[in-house]
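1. I'll drop the sequence and a predicted model, then ask my questions.
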Amino acid sequence: MVNYTISSLVEQDLMKEEPISLFSPSNPKPIKTIFLSNIDQTLSFPVETVFFYKVPPNMPSSSTADIAERVRKAVEKVLLIPYYFMAGRLNFNSDTNRLELVCNNAGALFVSAESRFSIDDLGSLSQPNPSFHRLVHRQGLYQKSLAETAVFTIQVTRFECGGFALGFMTNHAILDGKSASEMFNNLASICRGEALKPNIINNDRTCIRARTPPQIHFPHKEFVNPTTKTSSRSIASSFTSRERTSPSPLIFSDKYKHKLFSFTSEMLKKLKEKSTIKCSTFDAILAHIWKARTKANFNHKDQDQESRVLFAVDIRDKISPPLPNSFTGNAVVTGFATTKARDLIEKPLSFGVGMVKEGVERVTSEYVRSVIDWLEVYKGIPATSGGGFYASAWWKLPFGEVDFGFGKPRHVGPVVSGNDEFVLFLSGYDYDYDYDKSRCEGKGINVWMGLEKEKMDKFLSCVFDI
């Protein structure tokens, strides 16, 4: 038995079987093509999520011996009936100059693996570990064409202790966080021998199609306009456009230093008190991180430049008419806050909090329609260049309830990458079997981010100035 904590997984730590293709048993005939919205078009990148499960104390470790087979059968025999499109492929249609989802049943990919370690050997699962990518089946971003690249992969890794990890790759152009969590919950329900939720899929994204003619009624500082700035093709970004359907290879750089910053519930409470205005925990910590990053990114002589933060705003209830609960596409737009770096640095935290709140409140139904029309005309991408960043409130996603028959996950998290444009706000805890939301919300938030080394040193000098 290994009795030490490993720092990272290497290829030799896992025995992986060859990937197999899983097909929908009821794919539409003739082949169906799904329209992807302008919001979907900017998000054609893989999202990797890993769920960790331990064997409950009242069950033997052998009870998970068939977990890989159980998950595989659940996907190919049941899940891919309503989610048939997850066995399809993205395609760039040169006639329409758009990405589309072709439901050609080319297959999702499934991998079964075993590890010689126990889950406890991995240490604290709430600490982001880039080597956890080995628990997800990766196809490579640039080696394959869209037609050859699955939009859904599943890897089941069983550990020596009987615990297991479920690693999923989905494409953000097809599912947002809420839609992905619903799919994972449905898969878990099948594995428990229960039924799928009724009316779970509404894949008609034409309800958020651009207007004819487009009507842009707001300035959209949250996007880079490639007709007036550097072409979006040359910008180091994970976001995609109709002229670049995969993330830029420039995002993978070794010049960034990544660190995890843990904020306890007491620290979060102090930040909210320091804000002096009514705000959410996310408003307060985002404004605080934005201010600290701005101090790190902007020298004194550059502080008249704009500092920008971006964040996702759910539009399901904001747009008119409201999107149905069963809507499967991306129902988020990019909110933003921007101000002179000097103002953000010199003014109290309440100033930044107010800017963030204003960014959320700006997203009305008419604003959402204007965003969609702007993207129709300019085909830009979120403006994370020039020191801006995209904040992802990952801890809010409802992944902690996904139960495959062995209790709730010990931990769920994204596979972290090597760029500086995303700041991830993660759960500050490993889930327990008696998990309940009120307890977890008292456990704090972990912030994962990257900066160039010199800037990271500056950030470290002020990030805990609370």
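-> Okay, I see it.

2. residue ranges of the helices in the chain, please?
-> Secondary structure of the chain (DSSP state H): helices at 38-41, 67-74, 177-191, 265-275, 281-297, 341-346, 349-361, 365-378, 437-441, 453-460.

3. in the third one, what counts as buried?
-> To tie it back to what came earlier, the one meant is helix 177-191. For helix 177-191, a neighbour-count test (16 or more other CB atoms under 10 Å) marks 177-191 as buried. Glycine gets a C-beta too; all of them are placed from N, C-alpha and C.

4. Tell me where the model's unsure across the stretch 101-250 of the chain.
-> Applying pLDDT under 70 to the stretch 101-250 of the chain picks out residues 140-143, 198-199, 226-250.

5. hey, where'd the strands end up in it?
-> Applying DSSP state E, counting those that start in this stretch to the stretch 101-250 of the chain gives strands spanning 108-115, 152-158, 164-171, 223-224.

6. what distance separates the last one from the centre of its chain?
-> In terms of CA atoms, centre = their mean, to the nearest Å, the gap separating the centre of strand 223-224 from the centre of its chain is 20 Å.

7. For that strand, which strands pair with it and how are they oriented?
-> Applying DSSP bridges, strand 223-224 is found paired with strand 381-382 (antiparallel).

8. so how far is the strand it pairs with off the chain centroid?
-> With CA atoms, centre = their mean, you get 16 Å for strand 381-382.

9. Make CSV out of the strands of the stretch 101-250 of the chain and add distance to K16 and mean neighbour count.
-> Output for the strands of the stretch 101-250 of the chain, formatted as CSV (distance: least, CB to CB, whole Å; neighbours: other CB atoms under 10 Å):
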stretch, distance to K16, mean neighbour count
strand 108-115, 4, 21
strand 152-158, 8, 25
strand 164-171, 11, 23
strand 223-224, 39, 24
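
10. Ok, which of the ones you listed comes nearest D457?
-> Closest approach to D457 among the strands of the stretch 101-250 of the chain (CB to CB): strand 223-224, 28.5 Å.

11. Reformat the helices of the chain as CSV; add distance to L14.
-> Rendered in CSV, the data for the helices of the chain read as follows (distance: least, CB to CB, whole Å):
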stretch, distance to L14
helix 38-41, 33
helix 67-74, 13
helix 177-191, 22
helix 265-275, 36
helix 281-297, 34
helix 341-346, 45
helix 349-361, 41
helix 365-378, 40
helix 437-441, 29
helix 453-460, 31
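
12. By mean pLDDT, show me the worst of these.
-> Of all the helices of the chain, the minimum mean pLDDT falls on helix 437-441 (a mean of 44).

13. Around the nearest residue to A210 once chain neighbours are set aside, how many other residues sit close by?
-> Spatial nearest neighbour of A210, excluding adjacent residues (CB to CB, 6 or more residues apart in numbering): E376 at 3.6 Å. The number of residues packed near E376 is 19, by other CB atoms under 10 Å.

14. No more questions from me, cheers.
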